[in-house]
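> here are the coordinates; sequence isn't available:
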């Protein structure tokens with residue numbers, strides 16, 4: 001299994017921060033529209049917000065679509081955690097696939113707590129404060145920067161690619 005976003009041609013440095021992020025903006029969103037055509041209007045709105053440097057709105061829309069695409073294909077959400085071990089509930093769908101070492105490797109990355117998906121009470125454990133819960137519920141107010149937009153897009157595209165490669169209908 002090869003994720004197309006892993007190609008070095010799909011990454012670029014953000015000039016203001018020096019961070020490396022996903023690029024090929026149009027390619028990413030064309031693939032998303034192709035895979036999830038009923039979300040085209042929302043993806044177009046994300047593009048408009050990004051191009052007008054309205055990063056806060058673009059980030060909120062992008063993060064909402066991570067849950068949306070997962071739910072559309074698996075009936076499970078990414079940002080909703082199972083109560084036993086606090087992992088994204090949609091991982092249950094992929095655990096049904098056996099004997100795939102690469103998928104297991106990828107799922108380990110999703111299983112780990114990150115600033116983006118950690119419980120609100122544990123966000124102080126991380127130096128970076130880019131937390132979906134704080135953003136979506138209006139707690140965070142300083143997240144609207146280009147670097148965070150690309151982090152959100154990277155997650156959205158990663159999940160879309162995982163769904164596509166595992167041929168989840």
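Perfect, thanks for sending it. This is a predicted model, so every value here is computed, not measured.
> contacts only, for residue 148.
55, 59, 130 (Cβ atoms under 8 Å, 6 or more residues apart in numbering). Every residue, glycine included, has its C-beta placed from N, CA and C.
> give me the mean pLDDT for whichever strand or helix holds it.
According to DSSP states H and E, residue 148 maps onto helix 146-165. Helix 146-165 carries an average pLDDT of 86.
> thinking again about what came up before, can you lay out the contacts of residue 148 as TSV showing pLDDT, secondary structure and distance to residue 69?
Listed next are these as TSV, based on pLDDT from 0 to 100; DSSP: H, G, I helix; E, B strand; the rest coil; distance: Cβ to Cβ, whole Å:
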residue	pLDDT	secondary structure	distance to residue 69
55	95	helix	21
59	95	helix	16
130	79	coil	20
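> dump the residues you listed to TSV, plus neighbour count.
Shown next, in TSV, are the contacts of residue 148 (neighbours: other Cβ atoms under 10 Å):
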residue	neighbour count
55	20
59	28
130	21
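> tabulate the residues you listed (TSV), appending distance to residue 25.
Listed next are these as TSV, based on distance: Cβ to Cβ, whole Å:
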residue	distance to residue 25
55	13
59	15
130	20
